[in-house]
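1. sequence first, predicted model second:
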Amino acid sequence: MKGLADKPSYIIELLEGGVTLEDVIDGRICEQAQVEKSAFVVGDLGALMRQHACWQSVVPQLQPYYPVKCNSSPVVIEVLASLGLGFICANKTEVSLVLEHGVPPDNIILSGVCKQLAHIKHAAKNNIQHLVCENEAELSKISRLHPSAKLLLQLTTKAHAAETSMSFGFSLKSCRHLLEAAKELGVQVVGVTFHIPSSCQDLQQAYTHALSDARCVFDMGVDLGFNMNILDIGGGFTGSEFQLKLVESAVRPLLDAYFPPLSGVQVLAQPGSFYVASAFSLAVNVIGKKVVARHWDSLAQGVNNEDTEFLYYMNEGVYGPFSCKLLGNSIAAPSVHKHVRCADEGVYPSSLWGPSLDQLDQVVERCLLPELSVGDWLCFSNMGVCGLEEFTCLSGPPQLPVYYTVSTCDWYEMQEAGVALDSAMKNFSMVQYSA
């Protein structure tokens, strides 16, 4: 679902009378038990609303711009657009998707490293004015293809470079040269963007360095006659309210010092996984089982397993919705559907694999589970940014069914926030959920 069909229509099931997301998963599993036992996804739109409320409560001074690459489901795009978010697009396809949902061009920023010429031309054609520029070669392309663009210069940070093993963007030392080159080419520079990854261990130090450098770039830009009015502090928000508060405590005093409200600078951030991670759950079926000798060095205390270890094969793997595992991300252990553990029931060291029999197709390397049987179901939560593009594909029908839900309570809150089916979400229809 990275694009739209000719006549898009997405069904949202309204959960009334105490019906929960777990009830929906139970019902869908019962349906699958009668057919081919395919994996499926359940989306909770209320989670988007709850995360938005959390964001507004903790960091109201930061205008959220959602990175479409995190989860390009049209349902997510329309809900977040109706809540007033801006969007960060990495390519032509993402720009088209966001525009098709009625997002104003002024609320779109074209990002992406080493942009293709066609993407820059597409931005110019659709009046997307704000582009991120990483280096002088990028500046030269933009000046030729989109001379009226308003640029945000990508400032590199030590924290980001340490995570990626390579540095994207410009350093503080080279920014003066880049600003002068933009001035000579007649291209407007309006701000700075940087990124602090969620893996950063010292947020205070990282943001202190980044915001101090950004202030220096702003001052250089003003000296050269640029109207510097946008600061984008990037992503790195995990979805946890606790982590968001840590970022807020690190950033707020620095923003007050370097970019106070009276400065007129608009401060943006890119909460991607923060909004969508908890909104999607994936249910998969166990299709194979194997007993092997245990090779783990240590196990949790009190585990009653003797020397038994199980390998379980699921009907989806890293070449499907768990593709983020190939990028080095870890997958949290799932819960076992409809399993009530007895006091004396043992749990066993287990690993979870996809169906390909490929050595790379290991989804969870090690976890402790009760003994499972072929046909059992496993539920993975927080799957909103974990390979969602694999089951909401670029063209054609989704590879895995996605069932969207919202509780009556969450729906009332969404309506109060401005979400309405007849306007903001005109591509959707609401039906009452029936088990």
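-> Arrived safely. Numbering: from 1, shown residues only.

2. residue 238 reaches residue 198, doesn't it?
-> Yes. With contacts counted by CB atoms under 8 Å, residue 238 reaches residue 198, the gap being 4.8 Å. Backbone N, C-alpha and C define where each C-beta goes, glycine included.

3. what sits in contact with each of those two?
-> By the contact definition CB atoms under 8 Å, 6 or more residues apart in numbering, residue 238 and residue 198 are jointly contacted by residue 273.

4. three-state assignment of the closest residue to residue 273 other than its chain neighbours?
-> Nearest residue to residue 273 in three dimensions, chain neighbours excluded: residue 385, at 4.5 Å (CB to CB, 6 or more residues apart in numbering). With DSSP: H, G, I helix; E, B strand; the rest coil as the basis, residue 385 sits in coil.

5. ok, now which ones touch residue 385?
-> For residue 385, the contacting residues are 70-71, 272-273, 276-277, 324, by CB under 8 Å, 6+ apart.

6. please flag which of these sit within strands.
-> Nothing among the contacts of residue 385 maps onto strands, per DSSP state E.

7. what about the residue nearest to residue 273, distance to residue 176?
-> Distance, residue 385 to residue 176, by CB to CB, to the nearest Å: 37 Å.

8. ok, now residue 27?
-> Applying CB to CB, the value for residue 27 to residue 176 is 61 Å.

9. then residue 228?
-> Using CB to CB, residue 228 is found at 14 Å from residue 176.

10. how about residue 71?
-> Residue 71 is 38 Å from residue 176, by CB to CB.

11. looking at these two now, which is surrounded by more residues?
-> residue 71 (28 against 16; other CB atoms under 10 Å).

12. which residues in the stretch 201-350 of the chain form strands?
-> If DSSP state E, counting those that start in this stretch is used as the criterion, the strands of the stretch 201-350 of the chain fall at 230-232, 266-269, 280-293, 308-314, 335-336, 348-353.

13. could I get the ones you listed as a markdown table with mean neighbour count?
-> Converted to a markdown table, the strands of the stretch 201-350 of the chain look like this (neighbours: other CB atoms under 10 Å):
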| stretch | mean neighbour count |
| --- | --- |
| strand 230-232 | 25 |
| strand 266-269 | 19 |
| strand 280-293 | 18 |
| strand 308-314 | 20 |
| strand 335-336 | 16 |
| strand 348-353 | 22 |
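
14. would you point out the helix or strand in the protein whose mean pLDDT is lowest?
-> Lowest by mean pLDDT, DSSP states H and E among the helices and strands of the chain is helix 388-391, with a mean of 49.

15. now the element after it, going C-ward?
-> strand 402-407 (DSSP states H and E).

16. pLDDT of that following strand, averaged?
-> Average pLDDT, strand 402-407: 92.

17. starting at the chain centroid, how far to the following helix or strand past it?
-> Per DSSP H and E, the first helix or strand lying C-terminal to strand 402-407 is helix 408-416. Between the centre of helix 408-416 and the centre of its chain there are 23 Å (CA atoms, centre = their mean, to the nearest Å).

18. just stretch 310-318 next, same as before
-> 24 Å.

19. okay, stretch 25-33 in PDB with CA atoms only?
-> Provided in PDB are the C-alpha atoms of stretch 25-33 (Å, rounded to 0.1, in the frame of the first residue of the first chain):
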ATOM      1  CA  ILE A  25      -6.700 -11.100  16.600                       C
ATOM      2  CA  ASP A  26      -8.600 -14.000  18.100                       C
ATOM      3  CA  GLY A  27     -11.400 -13.600  15.600                       C
ATOM      4  CA  ARG A  28      -9.000 -13.400  12.600                       C
ATOM      5  CA  ILE A  29      -7.100 -16.400  13.800                       C
ATOM      6  CA  CYS A  30     -10.300 -18.400  14.000                       C
ATOM      7  CA  GLU A  31     -11.100 -17.400  10.400                       C
ATOM      8  CA  GLN A  32      -7.600 -18.400   9.300                       C
ATOM      9  CA  ALA A  33      -8.000 -21.800  11.000                       C
END
